[in-house]
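Undergrad: Here is my input; please provide its structure:
(chains A and B)
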Amino acid sequence: MTEEVFYWQALNRALDAELAADDAVFVLGEDVGLYGGSYRVTEGLYAKYGEWRVRDTPISEGSFTGLGVGAALAGMRPVVEIMTINFSLLALDAIVNMAAKVPFMSGGQFPMPLVVRMPGGVAKQLAAQHSQRLEQMYMNVPGLRLAVPSTPQDAWWQLRQAIRSDEPIVLLEHELLYFSKGPLDVTAGAPPMHRAAVRRKGADLTLVAWSRMVDLSLRAAGRLAEQGIEVEVIDLRSLRPIDWDTCAESVQRTHNLLVVEEDSGFAGAGAEVVATLGERCFFDLDAPPRRLAAEELPIPYNRNLEAACIPTVSGIVQTVKEMLEGGENP
Amino acid sequence: MSRKPITMPALSDTMESGRLVSWLKQPGDPVKKGEAIAEVESDKAVLELEAFEDGVLAGPLAEPGSELPVGAVIGYLEDEKPESIPAGDPAVTKGEPAAEKKAKAPSPAAPPTGQTPSPAEPAASLREPALPPRLHDKTRKPGSGRPRISPYARALAAELGLDPATIAPGADGTIRSPQVVAALLHAPEPDLDAGPAWRLEPLTPMQKAVAGGMSATLHTPSFRVSARLPLAPLKAATHDRGFSLSLSLARACALAVSEHPRLNAAYTRQGLAMREQVDLGIAVDLPEGLVTPVVRDVARRTMEELQEEWKRLKQAALERRLQQKDYTGATFFLSNLGTFSVVQRFDAIVPLGAAAILAVGAEHDGAVEMTLTCDHRVVYGADAARFLQTLSEHLENPETILT
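TA: Just a heads-up that it's a prediction; the model follows:
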């Protein structure tokens, strides 16, 4: 049965379902308890499951994420919420040095059923220190998985899959997606967590995006379709690992590849996509693969400058047309 | 002053001739030993031709684009002419020829030459002449060298058996898959510049129609079966009754076709289109070219009716008054070169929409060689043989034809 829900509601229901299903699951983070979460994701759970299973923590990302690692080692299934990815820099030691390494360094003796949820992305005038994307940082850590749901349905599926997985998983949400609405069918079967989704079929160009950029890409594809250009939009859903087969199959049909990313392009996720698909699909490419990415800048506070720093629908439209019409490449 | 010929080099073991792609220097340009003076395309790659000693490039130079045997003279190197070296800063004199060329052949990439440099950007205008002249040559001659080709376009061209050198690039000078597809759909053009001088004679609409119709048959897999058939009985009977021999032959064909309906079919992707009557196209030689008027329902109408229609069509063809309905929609074709006594036999091309065409040679000793060309998707060898067998029986008994 399908209903329209907010992205945060889908996450909330996923937590509720898993807390109910398994006593080992618990939630911890800043303001997740009494306050119900900065973006309402834990709303109502404190009342339902109590302060032991929905735990408020001090403002100390390093310690409570480390607590999560320890709890996972001890057989619990912790779900750590970090208020934004910007603050997760303080928890990197727990995530990168401990969570990602312990299963390997213990020869598999210690699984790491840890989920760390956090939103990233450019929101509305939160300024440079609260507008980072940083996805490439977590992508670059062997031993971690990084899921990037872009719809309520994926948020529901992927959070539940993450909680049930014995691997350490970062679930990267987006501040502007929490209050976006979409269909949710809690009875539908889930694809594998890392499987990319073709959100729109098209024969002329493969557009790869994830998280909030999927929505912009779909809007751009709609405009391009009015001009006779059919863009295939792929939502990666997972940045580590990446579902290369779905991407390569598409590029082999369209012969053109564009990656749209909200983060800066330099050494970013798009660079990885373009490099790997360039290797796999070299003889299928009809134009140099391109990335449409954010400016190489800390995001400015000024609203107009902020908007000018990241890809827009019209920017995507223009880039696709340049690529297909054989314009000069920058 | 000595003058030494520059020859087409052998750039590989197998190279017998090479194409001069472009000159990187102009006559009068000083060149240093080892400096690239031209680009030459071998059977394998485009390579630079280097000067074998210091000197000045001199003409006559071979035309860029021309294919020349290894060892052919393509230009000359002369001793440096003293008067060609003016006093002063050598960097300035180096820049001058490049600046001239720029004025002659500006490209969209070049900055506008007539514009006064803005005072804020003096560096750009000063830097420009200091660039080596060779770089100027490359950027200002969009036609020189090979166009870029995308990996997919290259792979596609290889798969289709197209030589990338024959593919016209897109507006930005790059060959992408649409250009490969366009090249595939359009037959390659001959390289006329390699031959003697020529002038262009535009195609008449009739020539265009024939060219288009024939090119459209390129995808028809065809085969031919020849037979020697008796003509003397039909000829005698036709002559007695004042019928046209071509029309009588057409009638004989139509009768045989109606006994072998496959010969009256047309191939479509969905299946064979089986037609209810035999409409016969007969090739007519005209001063302006070729036209095939179509006589309708040739198997069932009387010879008198057919003779009347054929007369009208022939007259209209000669007067060029044929309407489209008069020369389209044939289900079987006949081409008769029997009026040329030297013609032993020939074969014809099956036009689109028919399964076969019968080509008739000249009569020798009461018999004539006929070749049936067939669309093998519709008709098989034994079908063709059976048809010719039936046709032979009709020709031996002209009464069956002329009633």
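Undergrad: Alpha carbons only: can I get the lengthiest strand in chain A in PDB?
TA: Longest strand in chain A, counting residues (DSSP state E): strand A:257-264. Taking C-alpha atoms only, strand A:257-264 is exported to PDB below (Å, rounded to 0.1, in the frame of the first residue of the first chain):
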ATOM      1  CA  LEU A 257      27.900  10.400 -19.700                       C
ATOM      2  CA  LEU A 258      27.300  13.300 -17.400                       C
ATOM      3  CA  VAL A 259      27.700  13.300 -13.600                       C
ATOM      4  CA  VAL A 260      25.800  15.900 -11.600                       C
ATOM      5  CA  GLU A 261      27.200  16.400  -8.100                       C
ATOM      6  CA  GLU A 262      26.500  18.900  -5.400                       C
ATOM      7  CA  ASP A 263      30.000  18.600  -4.100                       C
ATOM      8  CA  SER A 264      33.100  20.200  -5.700                       C
END
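Undergrad: any low-confidence regions in the chain?
TA: You didn't pick a chain, so chain A it is. Applying pLDDT under 70 to chain A picks out residues A:326-330.
Undergrad: wait, chain B
TA: B:1, B:12-14, B:43-45, B:80-145, B:187-188.
Undergrad: can you do 90?
TA: Applying pLDDT under 90 to chain B flags the ranges B:1-148, B:158-174, B:178-179, B:181-219, B:239-244, B:269-270, B:286-291, B:317-325, B:339, B:399-403.
Undergrad: For it, list the residues in contact with chain A, please.
TA: B:Ser150, B:Pro151, B:Tyr152, B:Ala153, B:Arg154, B:Ala155, B:Gly170, B:Ala171, B:Asp172, B:Thr174, B:Arg176, B:Ser177 (CB under 8 Å from any CB of the partner chain). C-beta coordinates here come from the backbone N, C-alpha and C atoms, glycine included.
Undergrad: Give me the neighbour count for the third one.
TA: Think B:Tyr152. 22 (other CB atoms under 10 Å in any protein chain shown).
Undergrad: before we move on, what SS does it have?
TA: Local secondary structure at B:Tyr152 is given as helix here, using DSSP: H, G, I helix; E, B strand; the rest coil.
Undergrad: Spatially, what comes nearest to it if we skip its sequence neighbours?
TA: A:Asp286 (4.3 Å; CB to CB, 6 or more residues apart in numbering or on different chains).
Undergrad: roughly how far apart are the one you found and A:Ala14?
TA: 41 Å (CB to CB, to the nearest Å).
Undergrad: My read is that the residue nearest to B:Tyr152 contacts B:Ala153, right?
TA: Yes. Counting by CB atoms under 8 Å, a contact exists between A:Asp286 and B:Ala153, whose distance comes to 6.1 Å.
Undergrad: what touches both of those two?
TA: Common neighbours of A:Asp286 and B:Ala153 (criterion: CB atoms under 8 Å, 6 or more residues apart in numbering or on different chains): B:Arg176, B:Ser177.
Undergrad: got the contact list for A:Ile169?
TA: A:Leu114, A:Val115, A:Val116, A:Leu144, A:Arg145, A:Leu146, A:Ala147, A:Ala162, A:Met193.
Undergrad: Among the residues you listed, name the ones in helices.
TA: Of the contacts of A:Ile169, the ones assigned to helices by DSSP state H are A:Ala162.
Undergrad: Quick one: buried ones out of the contacts of A:Ile169?
TA: Buried members of those, scored by 16 or more other CB atoms under 10 Å in any protein chain shown, are A:Leu114, A:Val115, A:Val116, A:Leu144, A:Arg145, A:Leu146, A:Ala147, A:Ala162, A:Met193.
Undergrad: Which one of the residues you listed is nearest to chain B?
TA: Of all the buried ones among the contacts of A:Ile169, A:Leu146 has the smallest distance to chain B: 30.3 Å, by CB to the nearest CB.
Undergrad: would CSV of the contacts of A:Ile169 with distance to chain B be doable?
TA: Shown next, in CSV, are the contacts of A:Ile169 (distance: CB to the nearest CB, whole Å):
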residue, distance to chain B
A:Leu114, 43
A:Val115, 41
A:Val116, 40
A:Leu144, 34
A:Arg145, 32
A:Leu146, 30
A:Ala147, 32
A:Ala162, 38
A:Met193, 32
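Undergrad: quick one: which of the contacts of A:Ile169 sit in strands?
TA: Per DSSP E, the subset of the contacts of A:Ile169 in strands is A:Val115, A:Val116, A:Arg145, A:Leu146, A:Ala147.
Undergrad: Partner strands of the longest strand of chain A and their direction?
TA: strand A:205-209 (parallel), strand A:290-294 (parallel) (DSSP bridges).
Undergrad: Quick check: what element follows it along the chain?
TA: helix A:269-281 (DSSP states H and E).
Undergrad: That next one and chain B in contact?
TA: No. Remark: helix A:269-281 sits outside contact range of chain B, by CB under 8 Å from any CB, the gap being at least 8.7 Å.
Undergrad: Pull out the buried positions in that helix.
TA: A:Ala269, A:Gly270, A:Ala271, A:Glu272, A:Val273, A:Val274, A:Leu277, A:Cys281.
Undergrad: Which elements pack onto that helix?
TA: Using 3 or more CB pairs under 8 Å, 6 or more residues apart in numbering or on different chains; DSSP states H and E, the elements in contact with helix A:269-281 are helix A:135-139, helix A:244-254, strand A:257-264, strand A:290-294.
Undergrad: Let's have these in JSON lines, adding mean neighbour count.
TA: Listed next are those as JSON lines, based on neighbours: other CB atoms under 10 Å in any protein chain shown:
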{"stretch": "helix A:135-139", "mean neighbour count": "22"}
{"stretch": "helix A:244-254", "mean neighbour count": "18"}
{"stretch": "strand A:257-264", "mean neighbour count": "26"}
{"stretch": "strand A:290-294", "mean neighbour count": "22"}
